[in-house]
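**Student:** Test case, fold it:
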Amino acid sequence: MTAGRAPLDVGATPVRDPRSPGGARHAEARAEDPADVVAAAVTAVPGVAGLHGGMFGEVGTYLAGRRVEGIRIADGVTEVHVVLHFGAAVRETAARIRDAVAPLVGGTVDVYVEDVTAPAPGAPAS
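**Tutor:** Residues are numbered from 1 along each chain as shown. Here you go, the predicted structure:
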């Protein structure tokens, strides 16, 4: 070992990450942002086709170098803006979304159904 040089830390080897401005991040796991956790919980609810950014793209959470569309968390209120598959019961799906998100964030969860899209693949015809 040469004096003045630290040993190579293999656990912190930089890897390519196109989302970051410099293109590199450390391989170590980083904590997920609450908006990411909420987005994953919402999109796992049956009947949800995806998240929606609002009429003018105004609904979202801005993170370092990216944006989580359709989720806004502020002052104890979480807004969730979604697109549902055609045929999904609106009130029941909204209740399932609230039930999935409330334990994650606490406070009030407001669900907005912004649009409806074609039925989910394999869904029975109505």
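**Student:** So for residue 106, what's the nearest residue that isn't a sequence neighbour?
**Tutor:** The spatially closest residue to residue 106, leaving aside those adjacent along the chain, is residue 76, at 7.4 Å (CB to CB, 6 or more residues apart in numbering). For every residue, glycine as well, the C-beta is placed using N, CA and C.
**Student:** Ok, residue 117 next?
**Tutor:** Using CB to CB, 6+ apart, the closest residue to residue 117 is residue 49 (4.7 Å).
**Student:** can you check residue 105 too?
**Tutor:** Closest to residue 105 by CB to CB, 6+ apart is residue 78, at 4.8 Å.
**Student:** quick one, what contacts the one you found?
**Tutor:** 38, 71, 72, 101, 105, 107, 108, 109, 110 (CB atoms under 8 Å, 6 or more residues apart in numbering).
**Student:** and those residues, which of them are in helices?
**Tutor:** Residues of the contacts of residue 78 located in helices (DSSP state H): 38, 101, 105.
**Student:** Could you report the separation of the first one from residue 75?
**Tutor:** Distance check for residue 38 against residue 75: by CB to CB, to the nearest Å, it reads 15 Å.
**Student:** more crowded one of those two?
**Tutor:** Neighbours were counted for residue 38 and for residue 75 using other CB atoms under 10 Å; residue 38 has more, 27 against 7.
**Student:** now the ones in helices among the contacts of residue 78 as CSV including pLDDT and distance to residue 55?
**Tutor:** As requested, these are exported to CSV (pLDDT from 0 to 100; distance: CB to CB, whole Å):
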residue, pLDDT, distance to residue 55
38, 97, 21
101, 98, 22
105, 95, 24
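**Student:** Out of those residues, the closest to residue 63 would be?
**Tutor:** The nearest member of the ones in helices among the contacts of residue 78 to residue 63, counting by CB to CB, is residue 38 at 12.5 Å.
**Student:** just the strands in this structure please.
**Tutor:** Assigned by DSSP state E, the strands in the chain fall at 14-16, 24-26, 48-51, 60-63, 66-69, 71-74, 77-85, 108-117.
**Student:** Let's have those strands in a markdown table, adding mean pLDDT.
**Tutor:** Formatted as a markdown table, the strands of the chain follow (pLDDT from 0 to 100):
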| stretch | mean pLDDT |
| --- | --- |
| strand 14-16 | 41 |
| strand 24-26 | 42 |
| strand 48-51 | 97 |
| strand 60-63 | 93 |
| strand 66-69 | 95 |
| strand 71-74 | 96 |
| strand 77-85 | 97 |
| strand 108-117 | 97 |
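**Student:** Good, we can wrap up now.
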